[in-house]
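Engineer: Below are the sequence and a predicted model; questions follow.
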Amino acid sequence: MDRQRTETVVRVALGVAGAAYVALGLWQAFSPGSFHRALADFGPRNDHTMRDVATFYLALGTALLVAMGRPSWRVPVLSVAVVESVLHALNHVVDSGEAHPSWVGPFDAVTLSLATVALVLTLVAARRTEEASR
């Protein structure tokens, strides 16, 4: 894939990931109950903790969106996103049997793992474009 095409793919992936993180953060912040019922019922609900997690998602999502227009931000921000995503996916793999309803645990583990793969591929592409521009 040529540099221009890779650059476009990276920008689109950053936009999609950033928008997804911001959307999740807003959902958690403004409707923690519905978020808990839909995706996060792994035990007792704690709205304060849910909103605390939302602040991280909003910050990381914003950084991913800013990185669309700032190439020097891409590798560092994507690196943080990959670390978060790996840890988050592992946490869901470990706790997959604790979710209610029972299908949510495996669903979360699989979707988070797929998102992690997408972030890793985006990071690899961002590094490639960064190296090519030197």
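Structural biologist: That came through, no problem.

Engineer: quick check, distance from the worst-scoring helix or strand of the chain on mean pLDDT to the centre of its chain.
Structural biologist: The element with the least model confidence among the helices and strands of the chain, by mean pLDDT, DSSP states H and E, is helix 32-39, at a mean of 92. Its chain's C-alpha centre lies 17 Å from the corresponding centre of helix 32-39 when counted by CA atoms, centre = their mean, to the nearest Å.

Engineer: can you pull out the strands in this structure?
Structural biologist: With DSSP state E as the definition, the chain shows no strands.

Engineer: can you give me the helices for it?
Structural biologist: Assigned helices in the chain, in chain order: 3-30, 32-39, 47-69, 71-94, 104-132 (criterion: DSSP state H).

Engineer: and the last one, which residues are buried?
Structural biologist: By neighbour count, and taking 16 or more other CB atoms under 10 Å as the criterion, the buried residues in helix 104-132 are 104-105, 108-109, 112-113, 115-116, 119, 122-123, 125-126, 129. The C-beta positions use only the backbone N, C-alpha and C, and glycine is treated the same way.

Engineer: again, but for the shortest one
Structural biologist: When burial is assessed from 16+ other CB under 10 Å, helix 32-39 yields the following buried residues: 32, 35, 36, 39.

Engineer: got the angle between that helix and helix 3-30?
Structural biologist: Here helix 32-39 runs at 120 degrees with respect to helix 3-30, directions being taken by axes from the mean of the first three to the mean of the last three CA atoms, to 10 degrees.

Engineer: For helix 32-39, name the packing helices and strands.
Structural biologist: Helix 32-39 is packed against helix 3-30, helix 47-69, with contacts defined by 3 or more CB pairs under 8 Å, 6 or more residues apart in numbering; DSSP states H and E.

Engineer: Please save the CA atoms from that helix in CSV.
Structural biologist: Included here for helix 32-39 are C-alpha records, laid out as CSV according to Å, rounded to 0.1, in the frame of the first residue of the first chain:
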residue,chain,number,x,y,z
PRO,A,32,-24.5,4.8,33.5
GLY,A,33,-27.5,2.7,34.2
SER,A,34,-28.3,1.8,30.6
PHE,A,35,-24.6,1.2,29.9
HIS,A,36,-24.4,-1.1,32.9
ARG,A,37,-27.4,-3.0,31.8
ALA,A,38,-26.3,-3.3,28.1
LEU,A,39,-22.6,-4.0,28.4
